[in-house]
Every structure is written in structure tokens, then in C-alpha cells.
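Novice: got a sequence here, can you model it:
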Amino acid sequence: METVLDQARRVFRVEEEGLKTVRENLGDEFARAITILLACPSRVVITGIGKSGVVGQKIAATLNSTGSPACFLHPVEALHGDLGMVMPGDVVLAISYSGETVELNGLLGIVKKRGNPIIAMTGGRHSTMSRAADVTLNIKVPREACPLGLAPTASTTATLAMGDALAVALLNQKNFQARDFRDNHPGGSLGERLKVRVREVMLTGDAAPLVGIEESAAAALRLLNAHNLGAVIVVDDQSMPRGIITDGDIRRFFAEGGAASADFANLPTRALMTENPITIGAEALAVDALSIMQQHEITILPIISPDGPLLGVLHLHDLLGKGEFRFLL
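Specialist: Numbering: from 1, shown residues only. Just a heads-up that it's a prediction; the model follows:
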């Protein structure tokens, strides 16, 4: 009697057999598909229904993360208004194992009239979808792993693998590098995020809370409220960081019997700031910035150029993301 392990191993064998078949059938049409995709000035619009649609969403995600802008379009929703997503220049990648999905073929007929290139991913080499396409990628497998031959199993694995093959081939053709991949994954693992340079994650321009040394405490307080970063950097007229004012500095000022509210507003920032703030260079690694923050129990760092002027500001949230702030506790 076949055990559950025997059944699992049989599924792997069937799916391996399917992948081998698709790999061996790979030909010039794949190279033509890559040529079309490389020439695309816009996005790859991926469409499919059911399991093909689910796989299509994963292929879109993989393309996006590897440097090829993509989106998923449901064929039924497309026929009820979402067709507006398809812009001139978009390449349509249609997925249907049979190639005879009515809703999908109805969409492709419209897209073809608009002049968008169509790449079909199907096991039906002579199907309606294949005839509508500019290029057909053959994902035909000998059989499904489902013993009833009904549930898409080996065929969806083959479809997914074909999508990965497209993404990797495009990645190589575009000379997409690890740094590019990391740029598309700002919410990735903490370890990866801390490998970047400080200049890649610092706040600059209007996003950086900077106040002049001759400005008032009221101006500093407005910036504190507007930026909600817990601190503002005090700079002189040469953009040199001269001090830092934190929420805590203002609380302590009043708690220790400082001036009345009316007088506080007119105080110069130099009266509130902590002088000579800790700084770091823009070329330092994010992990070094995090180490400094932890060592000095601070959450914000001024970023300076080699000759001293301020370039930007780095907040702890820019390193860790707000959802991972708890990892410091």
C-alpha cells in the first residue's frame, strides 16, 4: 500500500518530470520574448484567471523586485473598467494552461487591437490564446501530479518556473546588481538594511528638521511638531551643526523652572540646545550609525560632509523601520 511519503515523492517526481519537459522544449521563442520585454518602455501587465492568476501575481512580484516594472490585471475586472491600466507600450503577459479561457481571450482581442505586444504562456500551442500572441512560451507538461488529473499542480510549477526564467534572464540583460535589489527591498531583513551607506537612508532637504542658531525656540518647537522625529538640529549660517534640541530638552526646561511660556517662545535656540552633537559621515555604514545610537542612547544623528557642513539627518526609524523598533528593547 502506498504511504503518504510515497505519495509525496510521487508528486515530486511528476513535477520534476514536468520541469524537465518544459526546459527541453525551450527554444527561440524564449529569446524573442526577452527581446520584446527588454524593448518595453513601460510595464509588463500580467493577466490570468484561477491558479494561473495566482502564479501571475507572483511573477509580477518577482519582476518588480528584479528591475522589471510589472502589475497584475484580472481579466474579468479588465472588461469592467480596469482595462485602463493597460497603457500604450505595455507588454501583456497572458497565462492560461489550456489557452482557451474565454474571459482572457476576450481581453486579448481588445489588447491586440490596441497594439500592445502579447506574450502567451500556455500548454496549448495551437490554442486561441497562442494564435493571438506575438510569442508563445510552451509550458506543456506530460501530466499533473494530481491523481485525478484535474487540479493544476505540475503545470502551475512549470508556469512559475517559466516566470522565474524570464525574470532572471531580464535581470542579467539589464545588469541588475545586488544594490539594485536591496533598493527595491527597503523592508527586507534587518541585516541587509544595515549594510547600506548612511547617505542611502538619511533624510535631506525639507525632510530634515533643521533650525538656525539665531532662530527662536518657537521655531524649533514648530519643527519638532511638524517632523515628529523627537529632535531638531541647530545649524549656523555655514550649515555647520552647532547643537541639537530634543523633546526632552524642552520638557526639562519647564520642569526645572524655566521661563514662562511667553518668554520661552522668544528664547534663541542656542539657549536650549545641547552643543557639539554626535555626528557621523555620509559614507559610514548604517550598522555603524546604529552602534553609535545604541552606545549613546540617542535616536537621531546629524550627517556631515568631510569638511563639516550638514548633509542630512538619520533617525533610528530610517535604519530599522517602525515595525522593528522593538528589536532594540
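Novice: confirm that residue 84 sits in a helix.
Specialist: Yes - read with DSSP: H, G, I helix; E, B strand; the rest coil, residue 84 is one of the residues of a helix.
Novice: tally of neighbours for it?
Specialist: Other residues near residue 84 come to 7 when the count uses other CB atoms under 10 Å. In this view, the C-beta of every residue, glycine as well, is placed from N, C-alpha and C.
Novice: tell me the pLDDT of it.
Specialist: With respect to pLDDT, residue 84 scores 86.
Novice: now do residue 327
Specialist: Reading off the model, residue 327 has pLDDT 37.
Novice: make 45 the first number, not 1, from now on.
Specialist: OK, 45 is where the count begins now, so the last one is residue 371.
Novice: what is the end-to-end distance of stretch 311-318?
Specialist: One end of stretch 311-318 to the other measures 15 Å (CA to CA, to the nearest Å).
Novice: show me which positions of that stretch end up buried.
Specialist: With burial defined by 16 or more other CB atoms under 10 Å, the residues of stretch 311-318 counted as buried are 311, 312, 313, 314, 316, 317.
Novice: residues contacting the fifth one?
Specialist: Spelled out, it's residue 316. Counting by CB atoms under 8 Å, 6 or more residues apart in numbering, residue 316 makes contact with 261, 264, 289, 293, 294, 297.
Novice: state the pair within the residues you listed that is farthest apart.
Specialist: 264 and 297 (11.3 Å; CB to CB).
Novice: quickly name whichever of the contacts of residue 316 is closest to residue 131.
Specialist: residue 264 (46.5 Å).
Novice: list the contacts for the closest one?
Specialist: So residue 264 contacts 255, 276, 278, 289, 313, 316 (CB under 8 Å, 6+ apart).
Novice: ok, now with 7 Å
Specialist: 255, 276, 289, 313, 316 (CB atoms under 7 Å, 6 or more residues apart in numbering).
Novice: looking at this, it is in a strand?
Specialist: No - Residue 264: not assigned to a strand; according to three-state DSSP it is helix.
Novice: against residue 174, how distant is it?
Specialist: Look at residue 264 and residue 174: by CB to CB, to the nearest Å, they are 67 Å apart.
Novice: rewinding a little: between the buried residues of stretch 311-318, which sits nearest residue 332?
Specialist: residue 317 (24.7 Å).
Novice: the spatially closest residue to residue 197 that is not a sequence neighbour in helix, strand or coil?
Specialist: Of all residues not flanking residue 197 in the chain, residue 189 sits nearest, at 3.9 Å (CB to CB, 6 or more residues apart in numbering). For residue 189, the secondary structure call by three-state DSSP comes out as coil.
Novice: next, count neighbours for residue 189.
Specialist: 23.
Novice: got it, and the one 5 residues further on?
Specialist: A count of neighbours around residue 194, defined by other CB under 10 Å, yields 8.
Novice: now it, nearest residue through space, not along the chain?
Specialist: residue 188 (7.3 Å).
Novice: buried stuff in the one helix or strand residue 213 maps to?
Specialist: If you go by DSSP states H and E, residue 213 is part of helix 198-217. Neighbour counts over helix 198-217 (16+ other CB under 10 Å) mark 198-207, 209-211, 213-215 as buried.
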